[in-house]
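>>> next input, structure requested:
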Amino acid sequence: MRIGYLLPGFSADENDQAIPVQDALVRELAQRCDLQIIPLRYPHHQTYYNWHGIGVYPLNGGTARGWRRLQLWRRAIRAITELHRQQPFDLLHATWADETGLIAARTARKLGIPSVVSVVGGELVGLTDIAYGLQRSRFSRWIVRQALRAEHLIAISAYQARMLEARGTARPHIIPFGVGEMWLKPTEAVQRDPYLLINVGSVIPVKDQQLLLRALALLPTPFHAQIVGEGREQANLEMLAKALGITKRVQFCGKVAHDDLPAFYRQAAIHVQTSRHEGEGMVTLEAAACGTPTVGTAVGILADDADLGIAVPVGDAAALAEAILEMQPQAAEYGGRARNAIEARYTLAQSADAIMSVYKRARSS
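The predicted model follows:
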C-alpha cells in the first residue's frame, strides 16, 4: 500500500530530530507500507532525499503567509498530483487538521482516493489570553473545517475525540502516539529522589509551568522540581519562583536531547503535567514507560486513563499540590501501574498497527 504522508515539517536528515515522536512513528509505519513523506514547510529546500530508506519530498514552504501561503497550497496540490501520476497513492494521510489536512483532503478528492487526517494539537481550541489554538480566527476555523472533511479522522486521545464529537463529527478513530523501543528497554534500577517532581516540555504559555511553581509553593520544603525544556516563558518563571520564595527548590535544566530524557524521568518520583491543553501529552506516556507516574491537569491522555496517574482541574494549584501529596507515599505502586499500561496499550507498534487498520478500511470503502 502506497501512502502519501503530509506533515508541516520533517527531519532534514538522519541526524536531525524535528519531531521525535513523528520520526519514530514514520519508521514504524514504513515497515508496514510504502510511505512517502511530503513536508510542507521544513526542510528549507525542495530536493528529494532518502531518510532511513523512506522517500521525502520537501516543499520548502518556510514561513509563507498571506497570498504566499495560498501559493504554497496550490504548489503542494500540484506536487502531490504529479507524484500520484508517476506512481499512484492508495491514500493520503495528513498529521494536523490544519493546512496539511486541508491539502490532503482536497487533493485526495481531486484524485479520487481516500484521505485520513490526524488531529494532534491545538486545532480544536482557542485560548485567546495566550494566543494558542486554531479556533481564534475565522480563517483558521475555516481551514480546520476543510481538514475535517477527510473521510477518516484520527484522534490521539479519547479526550480529543470527545472534542471532535462535540463539533458533530462522526466518531473518530482513537489512536494514541505510542512509545518506541527506546523507552521499553529494561534498565538497571536507579535510586529515585522521593521528593523530586519533573516537568518536561517547551517552556511556553500553554504548558503553564507557573502552575507547577504555585503548587510547589504549597508543598512542604523537601519537595523540589526540575523543569526540562526551553522557551520564552523561562524569565517569567524565574521571577515567579523568586516571588514565591522557592528559587532554591526549582532547577531549570534547559533543552535536553530526546534520547537523554529517560534518565531524567527515572530519577524523579512524580512527573507533573501542567498544560492547559494537550491533544495527547506524549510526556505522560514517556514518563510512564520509565515507571514514573503523572499528576497533572485533566487534558489529553491523562484525562482518559487513571492507570497513568491522577488528573486534576486545569489551573488549580491547590488540587495539584493535594494530588502530589496523595501520590507521593505510593509513587512506586503508581509507577508500576503506569508502566504496565504502556506495555498493554501504548506501544508504537500498536499505534502503527491501528493506523494500518484505518488505511485498510479507508481503501476498502
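>>> Ile175: what's it in contact with?
Taking Cβ atoms under 8 Å, 6 or more residues apart in numbering, we find Ile175 in contact with Ser118, Ile154, Ala155, Ile156, Ser351, Ala354, Ile355, Val358. Yep, even glycine has a C-beta here, placed from its N, CA and C like the rest.
>>> what is the burial count for the fourth one?
Going back to what we said before, that points to Ile156. 28 (other Cβ atoms under 10 Å).
>>> that one against Gly279, yeah?
Yes. Contact criterion Cβ atoms under 8 Å: Ile156 and Gly279 qualify, at 5.2 Å.
>>> model confidence score at Ala354, please.
We note a pLDDT of 99 for Ala354 in this prediction.
>>> the lowest-mean-pLDDT helix or strand in the chain - contacts with which helices or strands?
Least confident helix or strand of the chain, by mean pLDDT, DSSP states H and E, is helix 181-184 with a mean of 84. Judged by 3 or more Cβ pairs under 8 Å, 6 or more residues apart in numbering; DSSP states H and E, helix 181-184 is in contact with helix 282-289, helix 331-345.
>>> tabulate the contacts of Ile175 (CSV), appending secondary structure.
Formatted as CSV, the contacts of Ile175 follow (DSSP: H, G, I helix; E, B strand; the rest coil):
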residue, secondary structure
Ser118, strand
Ile154, strand
Ala155, strand
Ile156, coil
Ser351, helix
Ala354, helix
Ile355, helix
Val358, helix
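>>> select only the buried ones of these in PyMOL?
Buried residues within these, by 16 or more other Cβ atoms under 10 Å, are selected in PyMOL with:
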select buried, resi 118+154+155+156+351+355+358
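>>> return the member of the contacts of Ile175 nearest to Asp208.
Distance to Asp208 across the contacts of Ile175 (Cβ to Cβ) is lowest for Ile156, with 20.0 Å.
>>> contacting residues for that closest one?
By Cβ under 8 Å, 6+ apart, the residues touching Ile156 are Ser118, Val119, Val120, Ile174, Ile175, Pro176, Phe177, Gly279, Glu280, Ile301.
>>> for burial, what's the neighbour tally of the spatially closest residue to it that is not a sequence neighbour?
Leaving aside its chain neighbours, Ile156 sits nearest to Glu280 (4.2 Å; criterion: Cβ to Cβ, 6 or more residues apart in numbering). Per other Cβ under 10 Å, the neighbour tally for Glu280 reads 24.
>>> ok but Glu280 is inside a helix, no?
No. Assignment of Glu280 by three-state DSSP gives coil, placing it outside any helix.
>>> quick check, it in contact with Ile301.
Yes. Here Glu280 reaches Ile301: they are 5.0 Å apart, a contact under Cβ under 8 Å.
>>> now the helix or strand containing Gln350 against helix 331-345, angle please.
Assigned by DSSP states H and E, Gln350 belongs to helix 348-364. Counting by axes from the mean of the first three to the mean of the last three Cα atoms, to 10 degrees, helix 348-364 lies at 30 degrees to helix 331-345.
>>> show me which helix runs longest in this protein.
Of all the elements of type helix in the chain, the one with the most residues (DSSP state H) is helix 67-86.
>>> what's the following helix or strand past that one in contact with?
Note on helix 67-86: by DSSP H and E, the next helix or strand toward the C-terminus is strand 91-95. For strand 91-95, contacts defined as Cβ under 8 Å, 6+ apart pick out 1, 3-8, 22, 80, 100-101, 103-105, 107-108, 113-118, 120, 147, 150, 355, 359, 362-363.
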